[in-house]
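Asks: Fold the following, please.
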Amino acid sequence: MTSTPRTARALARETITQEILAAARARLAADGPAALSLRAVARDVGMVSSAVYRYVENRDALLTALIVECYDELGAAVEDAEAAVAERSDVTTRWLVACRAVRTWSVAHPGEFRLLYGTPVPGYAAPPDTIDPATRLVLVLVKVVADAHDGGTVPPLSPTAQADLTDLVAGARDFLAARGLITDAPPELVVRTLMAWTTVLGTVSFEMFGHLVNTVSDPEAWFDVVALRLAADLGIGL
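Replies: The predicted structure follows:
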């Protein structure tokens with residue numbers, strides 16, 4: 001099969017759109033997501049504000065494009081880092097490397113991290129297009145857990161709560177089942193995986209927003225400690 005060659009007009013449009021997105025990402029770092037302005041972005045790329053609307057419908061469309069791009073970039077970084085672990089049976093290393101990739105990308109892209117995981121932008125609601133990109137990094141972490149538990153070499157996890165949590169995490173179990181991950185996952189494993197995912201992002205958030213200042217001496221080393229303890233809680237760590 002051969003693809004239809006893109007026209008010069010299409011290539012020019014793609015180039016200008018990427019320039020707009022790059023300028024918008026620079027604005028995220030300087031001004032924050034809530035202050036993102038199409039007028040300022042237009043000025044940064046040397047366009048009159050009215051011309052930007054030929055490429056981006058409005059501010060919300062620009063935010064959506066940025067969110068999709070950033071989620072995909074973060075997801076790809078985590079996927080590539082985890083896939084580079086040659087010994088696939090070493091689930092502890094795969095977990096740690098994947099978690100580290102989340103932190104590395106986030107520290108290198110503070111403006112983008114605030115857009116994805118910071119305070120919601122007033123008046124903006126992310127559309128469904130952002131869901132699949134957002135789950136890319138989650139699926140990497142879940143796949144590591146799935147590989148550890150589906151092999152049957154990891155002892156079953158003992159529930160740490162008295163209440164039956166089956167209904168509480170039913171949505172997450174359906175999510176995993178639909179993607180063929182952790183088949184018939186016991187609720188306790190789903191609970192711990194959800195806790196691990198949110199703790200990874202929470203630990204990064206604490207660092208990014210300055211909450212670890214005067215608390216830990218080395219945020220990078222602290223992150224590794226947290227990631228490895230989460231692995232142990234999931235039954236995949238030493």
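
Asks: residue ranges with poor pLDDT in this structure?
Replies: 1-6, 151-156, 160-162, 182-183, 238 (pLDDT under 70).

Asks: any chance you could map the helices in it?
Replies: Listed in chain order, the helices of the chain (DSSP state H) span 8-31, 38-44, 49-52, 59-83, 91-108, 110-117, 131-150, 170-178, 187-208, 219-233.

Asks: buried stuff in stretch 84-102?
Replies: 85, 91-102 (16 or more other CB atoms under 10 Å). All C-beta atoms are positioned from the backbone trio N, CA, C, and that covers glycine.

Asks: Now render those as a markdown table, adding distance to residue 201.
Replies: Output for the buried residues of stretch 84-102, formatted as a markdown table (distance: CB to CB, whole Å):
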| residue | distance to residue 201 |
| --- | --- |
| 85 | 21 |
| 91 | 20 |
| 92 | 20 |
| 93 | 21 |
| 94 | 18 |
| 95 | 15 |
| 96 | 16 |
| 97 | 17 |
| 98 | 13 |
| 99 | 10 |
| 100 | 13 |
| 101 | 13 |
| 102 | 7 |
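
Asks: can you give me the end-to-end distance of stretch 116-124?
Replies: 13 Å (CA to CA, to the nearest Å).

Asks: let me fix that: stretch 86-94
Replies: Using CA to CA, one end of stretch 86-94 lies 9 Å from the other.

Asks: Name the residues that touch it?
Replies: Residues outside stretch 86-94 that contact it (CB atoms under 8 Å, 6 or more residues apart in numbering): 82, 85, 144, 145, 147, 148, 228, 231, 236, 237, 238.

Asks: thinking in terms of the whole chain, how far from its middle is that stretch?
Replies: Once both centres are worked out by CA atoms, centre = their mean, to the nearest Å, stretch 86-94 turns out to sit 21 Å from its chain's centre.

Asks: what do you get for stretch 51-58?
Replies: Using CA atoms, centre = their mean, the offset of stretch 51-58 from its chain centre is 27 Å.

Asks: Okay, buried residues for stretch 106-117 please.
Replies: Buried residues in stretch 106-117 (16+ other CB under 10 Å): 106, 109, 111, 112, 113, 114, 115, 116.
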